[in-house]
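>>> got a predicted structure here, sequence first:
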Amino acid sequence: MTVTQGAKAPATPMPDHLDERISHRGPMRRWLISPEIGALIGAIIVWAFFWGNGQTFGEADTTLNWLDVAAPTGIMATAVALLMIGGEFDLSSGVMTGATAIQIGLFSQHFMGDGVNIGWAIGGAFLAAAAVGWFNGFMVNKTGLPSFIITLASFFTLRGVMLVMSKRLAGKVQVAEILKTRGAVGFKNWIAHEWKFTEFGARDKLFLGLVIVGGIAFLYGLLEQSFIRRIGLDTIGAGVTAVGAVVAVAGFVGLLRTDGVAQNVIFAALGSAGIVLITLGLARSRWERRIGPAGGELPRMAATRLGLGVAGIALACIIHIPFDRGEGRAILTWTSSGVRPVIAGVAAIIGVGLAVRSAAPGLRTRRDPGNVVKTVLFAAYTALLLATAVICLMQLTTVQALRAIGMILLAGGGMTMLMSARGLAGATSKRWQLIIGVVASASLVVLAIVVRGDSTTVRFRTGMVGAMIIGAALILANTLVEFTMEKRTIADPPADHLGRRLQVLGGVLAFTGLTIRLLFSNLSAAHAKAVKAAGGSVGQNVLRETVLWWLLVAAVGAYVLTKTKWGNWIFAVGGNKDAARAIGVPVNQVKISLFVIVSLCGALSGTLIALRYGTVQANQGTGLEFEYIIAAVVGGCLLTGGYGSVVGATLGAAIMAMSVIGVQTVVGWNSDGRFAFLGGVLLLAVLVNNFTRKKAQEAR
């Protein structure tokens with residue numbers, strides 16, 4: 001029997017006069033105001049970029065490689081993020097790792113004449129690091145000087161001590177043969193172990209099962225937090241959900257078992273249809289349908305963004321046509337000599353226009369000769385600067401790169417405009433929200449078809465196209481659900497609690513499946529044996545315990561920051577230490593503790609480095625403090641303190657490691673190009689963080 005209309009489940013009403021800062025927010029809005037959203041988007045973009053440009057990126061050996069690079073940075077980024085949220089900096093954090101490693105090597109070889117067991121050396125290094133951290137925090141509290149001055153002094157002191165001690169005791173600026181000291185092998189097996197594995201035949205099946213189950217759990221939790229519960233179960237909706245699950249499983253199984261382009265597209269479409277059916281079935285079976293008119297006017301801003309989005313998608317679909325895929329010349333030499341001055345002239349005119357537009361308000365209010373001359377000079381400077389920049393870009397960028405960059409920017413910008421238009425339309429007209437959502441979904445499918453027809457790389461024509469089709473299905477499913485269901489605007493604590501639990505469970509399951517997929521090869525034991533018998537070799541992938549230490553430190557840091565009273569104190573001290581002190585927060589103790597944590601994490605990183613390599617240079621860690629700060633900023637930490645995320649800092653460390661490995665070993669660029677790449681990622685992450693936080697707060 002079908003329940004056609006159930007009564008609305010009771011939700012805890014919230015008074016109309018309640019402060020908007022604690023009013024109900026939907027899950028999407030909570031995600032948008034989270035500090036790690038920029039890092040998450042950046043991590044996905046960076047991974048997809050190198051996956052698309054490198055043949056080995058995404059395979060187990062490469063993944064383990066960048067995880068190994070990210071681990072020391074991630075350990076330190078966690079501590080530095082906590083300190084930055086508390087409103088301080090530590091410029092000695094980088095050199096602390098080297099100082100610890102040097103101390104361990106020297107004490108284990110030369111202390112008391114012939115050295116001591118490395119366990120005592122490690123313990124002494126941690127005690128010394130804690131003392132340095134305490135000194136930094138004490139001096140900041142005692143003197144009131146900015147923390148970067150105090151820690152800069154510690155930086156130079158530690159660096160000088162390392163150089164003097166290594167030259168005096170070891171006779172050179174490095175300490176070698178640390179692994180030959182007493183107890184070194186045992187400690188390495190204990191805290192710096194390495195696991196080697198070659199194949200895992202059940203990899204793909206386990207990956208598939210965990211991702212599907214995790215995805216359904218996450219989706220259900222998202223719906224629980226978004227819509228109004230109903231009493232009773234709609235059996236038709238439950239049946240649709242079951243059919244969708246079968247279709248989705250069939251589609252994903254087909255994706256894993258086939259390598260052909262056409263088959264991948266078919267199975268991706270099948271899996272996408274299953275996703276839509278699951279979403280609609282769940283929504284109908286468990287939550288209230290929307291009551292009320294769907295019509296309404298399309299806001300002018302939404303209409304403008306809709307037009308820009310469609311235009312961007314259309315241009316993205318045709319921009320590759322005029323350019324030859326195999327053309328490796330720079331754009332400047334590819335164009336004729338007569339066209340180059342025209343391009344420079346157009347760039348100069350655009351520069352003049354931008355300068356005049358910027359100076360126009362001042363000219364309207366003040367038209368004295370000095371202001372006019374200043375505007376003219378500014379326009380000339382802008383024109384020259386823009387023309388020079390365009391010519392330099394043309395000289396450094398190949399036609400192949402222009403082709404790819406143009407397609408990516410136009411497609412990304414077009415989809416951003418369409419999704420923004422959909423959000424604006426949803427506030428006034430559900431019908432227009434549905435129309436724009438369908439257009440966005442169809443646009444992504446069209447882009448997938450264009451990518452499939454244009455690309456010659458198998459992984460693009462299969463994996464990328466499949467992912468784009470599934471993404472289109474998710475957009476369509478989300479649009480249909482928001483059109484048909486009644487969104488919840490008041491809090492329902494039981495539903496919100498259940499939704500959070502399901503989202504965490506789904507995320508953990510999907511992350512576990514993805515981890516298995518990325519870390520293990522899928523060779524069966526029989527296949528590996530046959531390869532070896534034929535004279536071939538099966539590579540061994542190495543997972544180092546350093547990665548586990550990184551994840552442990554990040555998990556503890558995230559828990560302390562978000563779930564404990566001490567975490568609240570950190571936010572309070574970073575936001576306004578005087579106000580925090582007025583309400584009883586022990587400001588001085590919190591600051592000292594944060595500096596000690598940074599130094600102790602530096603000692604942990606230094607210990608792991610010493611036990612892995614066995615040889616440490618005296619300048620180890622110098623300059624890395626800026627990379628730790630960059631990772632924290634990419635993760636959403638503000639330089640002014642009082643805001644940030646440990647999870648975001650962890651993602652920032654992963655982004656930096658992927659950039660290093662991707663630039664140096666995957667795409668074959670000049671290794672120095674990673675600095676420019678990191679700068680671009682940093683700027684993008686900060687802009688995304690600021691934009692999404694601002695928009696989410698405006699939408700209260």
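That came in fine, so what should we check first?

>>> quick one: mean pLDDT for stretch 216-231?
Stretch 216-231 comes out with an average pLDDT of 82.

>>> an error on my part: the question was meant for stretch 684-694.
70.

>>> also stretch 301-318?
92.

>>> pull out the buried residues from it.
302-303, 305-306, 308-310, 312-313, 315-317 (16 or more other C-beta atoms under 10 Å). All C-beta atoms are positioned from the backbone trio N, CA, C, and that covers glycine.

>>> with stretch 362-380 instead?
Result for stretch 362-380 [16+ other C-beta under 10 Å]: buried residues 375, 378-379.

>>> and V247, how close does it get to R517?
From V247 across to R517, the span is 22 Å (C-beta to C-beta, to the nearest Å).

>>> what sits up against stretch 332-339?
327, 340, 343, 391, 394-395, 399 (C-beta atoms under 8 Å, 6 or more residues apart in numbering).

>>> can you lay out the residues you listed as JSON lines showing neighbour count?
Formatted as JSON lines, those follow (neighbours: other C-beta atoms under 10 Å):
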{"residue": "E327", "neighbour count": "14"}
{"residue": "R340", "neighbour count": "16"}
{"residue": "I343", "neighbour count": "16"}
{"residue": "I391", "neighbour count": "17"}
{"residue": "M394", "neighbour count": "19"}
{"residue": "Q395", "neighbour count": "11"}
{"residue": "V399", "neighbour count": "20"}
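
>>> same question for stretch 71-88, mean pLDDT?
Mean predicted lDDT for stretch 71-88 stands at 93.

>>> for V616, phi and psi?
Dihedral pair for V616: phi -130, psi 130, per degrees, to the nearest 10.

>>> give the buried residues for the strand or helix carrying I343.
Taking DSSP states H and E as the definition, one finds I343 inside helix 339-365. Applying a neighbour-count criterion of 16+ other C-beta under 10 Å, one finds 340, 343-344, 347-348, 351-352, 355, 359 buried in helix 339-365.

>>> in helices, which of the contacts of stretch 332-339 fall?
When DSSP state H is applied, the contacts of stretch 332-339 are split such that 340, 343, 391, 394-395, 399 fall in helices.

>>> which residues are contacting the strand or helix carrying G574?
Using DSSP H and E, G574 sits in helix 565-575. Helix 565-575 has contacts (C-beta under 8 Å, 6+ apart) with 82, 84-87, 560-561, 579-580, 583, 585-587, 590-591, 594, 641-643.

>>> please, a PyMOL command that selects the buried ones among those residues?
Only the buried entries of the contacts of helix 565-575 go into this PyMOL selection, using 16+ other C-beta under 10 Å:
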select buried, resi 82+84+85+86+87+560+561+580+585+587+590+591+594+641+642+643
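
>>> among the contacts of helix 565-575, which lie within helices?
82, 84-85, 560-561, 579-580, 587, 590-591, 594.

>>> list just the nearest of those residues to A685.
Taking C-beta to C-beta as the measure, A685 sits nearest to M84 out of these, at 14.7 Å.

>>> will you turn the ones in helices among the contacts of stretch 332-339 into a markdown table that also has pLDDT?
Formatted as a markdown table, the ones in helices among the contacts of stretch 332-339 follow (pLDDT from 0 to 100):
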| residue | pLDDT |
| --- | --- |
| R340 | 85 |
| I343 | 88 |
| I391 | 88 |
| M394 | 85 |
| Q395 | 83 |
| V399 | 81 |
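
>>> let's have those in a markdown table, adding distance to A467.
What follows is the ones in helices among the contacts of stretch 332-339, written out as a markdown table (distance: C-beta to C-beta, whole Å):
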| residue | distance to A467 |
| --- | --- |
| R340 | 39 |
| I343 | 36 |
| I391 | 37 |
| M394 | 32 |
| Q395 | 34 |
| V399 | 27 |
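
>>> burial count for the residue lying closest to V213 once chain neighbours are set aside?
Among residues not flanking V213 along the chain, L509 sits closest, at 5.6 Å (C-beta to C-beta, 6 or more residues apart in numbering). Using other C-beta atoms under 10 Å, L509 has 20 neighbouring residues.

>>> quick one: contacts for G254?
263, 266-267, 270-271.

>>> measure G453 to I321 for me?
11 Å.

>>> those two: who's more crowded?
G453 (11 against 8).

>>> so S34, which of the three states?
coil (DSSP: H, G, I helix; E, B strand; the rest coil).

>>> roughly how far does the residue lying closest to it once chain neighbours are set aside sit from N53?
Closest residue in space to S34, ignoring its immediate chain neighbours: S645 at 7.0 Å, by C-beta to C-beta, 6+ apart. The gap separating S645 from N53 is 29 Å, by C-beta to C-beta.

>>> can you redo the buried residues of stretch 301-318 as TSV with secondary structure and distance to I405?
Converted to TSV, those look like this (DSSP: H, G, I helix; E, B strand; the rest coil; distance: C-beta to C-beta, whole Å):
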residue	secondary structure	distance to I405
A302	helix	28
A303	helix	28
R305	helix	22
L306	helix	25
L308	helix	19
G309	helix	19
V310	helix	21
G312	helix	14
I313	helix	16
L315	helix	13
A316	helix	11
C317	helix	16
